[in-house]
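Enquirer: Take this sequence and fold it.
(4 chains)
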Protein chains: 2
Amino acid sequence: MSNSQMVELTLLEPDGSESAVPCCPPITAGELSVADAEKMAAMFKALSDPVRLRLFSKVASHAGGEACVCDISDVGVSQPTVSHHLKKLKDAGLLTSERRGTWVYYSVEPSVVAAMSAMLDLRN
Amino acid sequence: MSNSQMVELTLLEPDGSESAVPCCPPITAGELSVADAEKMAAMFKALSDPVRLRLFSKVASHAGGEACVCDISDVGVSQPTVSHHLKKLKDAGLLTSERRGTWVYYSVEPSVVAAMSAMLDLRN
DNA sequence: AGCTTGTTTCGATTGCTGTCGATACAGAGG
DNA sequence: CCTCTGTATCGACAGCAATCGAAACAAGCT
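Expert: A predicted model of the protein is given here:
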């Protein structure tokens, strides 16, 4: 029983505070608990929209895994919709944001993305 | 420009036929095309529900990555709902099903899951 | 053939989500 | 202080999706 491959990641609690939770071994290692399934499903949900996935890929493929909103908002939907999607990615923990003067920059949260990738690793 | 890490996977077309499409390099490698984003978003969407994620983890963690419906349907929702979710996982290409006598067995489709994992691999 | 058990499909309902235009907020520069 | 540009929030609406009970289908049994 390989309980290795545990990954530490930080998630936003409903009240806005942060808590570190262990999540998760590869799916092949055993059934997910109800709580872990909810956490991970929320992350997958963040990437379950084509527009969001494109926004995420634009940020991730930028130098340093960081991009200005102004550089990535050309995805075929209105500006409020772009902002809405970026907020969802941020709420799910996949992106963080930082205002620098006039512009806002979004960055990928590597540990969270790594946790999703590790969970889908099927090697036995 | 590392266009390595391409993964071949088969998806169900709307008409039910199968087509092999190349998908996808790691997100860090460049922006997703609109078409690729739609394909991958559909897969992530399949795992974006807690009940579905638990069903998937139950199948994936069974011996041989295969499980009878009867072995995994205890997830707190009605039996028709379980069947509905398994169908969605199947339509997304993450599971396949086979009837053997009275029982139906669902199996994970390793190449599709590997494609998702590879796409989220952030190492540069 | 009829019964029983396992699984899927159907129809309805309820809640969620993506989208937009309008508006508000933030910072920079006149 | 006012305006301009970039970004976020609000409110509304339309479509989708999770869920259930009822009913249909499939296979094995008697």
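Enquirer: Okay, now the unreliable bits of chain A?
Expert: A:1-22, A:124 (pLDDT under 70).
Enquirer: Those residues of it touching DNA strand D, which are they?
Expert: When proximity is defined as CB under 7 Å from any atom of the strand, chain A approaches DNA strand D at A:68-70, A:73, A:79-80, A:82-84, A:86-87, A:97, A:102-104. Any C-beta I mention is one placed from the backbone N, CA and C, and that applies to glycine too.
Enquirer: so which of those is the most crowded?
Expert: A:L86 (21 neighbours; other CB atoms under 10 Å in any protein chain shown).
Enquirer: Surely that one and A:S107 touch.
Expert: No - look at A:L86 against A:S107 with CB atoms under 8 Å: they stay out of range, at 11.4 Å.
Enquirer: and for the two, which residues touch both?
Expert: Applying CB atoms under 8 Å, 6 or more residues apart in numbering or on different chains, one finds that A:L86 and A:S107 are jointly contacted by A:L95, A:S97.
Enquirer: picking up where we left off before, take the residues of chain A next to DNA strand D and keep only those in helices.
Expert: Taking DSSP state H, the ones among those that sit in helices are A:V69, A:C70, A:Q79, A:P80, A:V82, A:S83, A:H84, A:L86, A:K87.
Enquirer: now those residues in CSV, with distance to chain B?
Expert: Output for these, formatted as CSV (distance: CB to the nearest CB, whole Å):
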residue, distance to chain B
A:V69, 15
A:C70, 16
A:Q79, 19
A:P80, 20
A:V82, 14
A:S83, 19
A:H84, 16
A:L86, 15
A:K87, 17
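Enquirer: who touches whichever residue of chain A sits closest to DNA strand D in this structure?
Expert: Residue nearest to DNA strand D within chain A: A:P80 (2.9 Å; CB to the nearest atom of the strand). A:P80 makes no contacts at all, as judged by CB under 8 Å, 6+ apart.
Enquirer: And the one 5 residues further on, by the same measure?
Expert: A:H85 makes contact with A:D49, A:V51, A:R52, A:L55, A:V77 under the criterion CB under 8 Å, 6+ apart.
Enquirer: which ones are touching the residue nearest the centre of chain A?
Expert: Centroid-nearest residue in chain A: A:L94, 2.0 Å away (criterion: CA atoms, centre = their mean). By CB under 8 Å, 6+ apart, A:L94 lies in contact with A:M43, A:A46, A:L47, A:F56, A:V108, A:E109, A:V112, A:V113.
Enquirer: Setting the sequence-adjacent residues aside, check what's closest to the second one.
Expert: If the residues on either side of it in the chain are set aside, A:A46 comes closest to A:A92, at 3.5 Å by CB to CB, 6 or more residues apart in numbering or on different chains.
Enquirer: burial measure for that neighbour, as a count.
Expert: Neighbours of A:A92 using other CB under 10 Å come to 21.
Enquirer: Distance check, it against DNA strand C.
Expert: Computed as CB to the nearest atom of the strand, to the nearest Å, the A:A92 to DNA strand C distance reads 11 Å.
Enquirer: Compare the contacts of A:L94 and tell me which is most surrounded.
Expert: A:L47 (29 neighbours).
Enquirer: Identify the residues contacting it.
Expert: Contacts of A:L47 (CB under 8 Å, 6+ apart): A:L53, A:F56, A:L94, B:M40, B:A41, B:F44.
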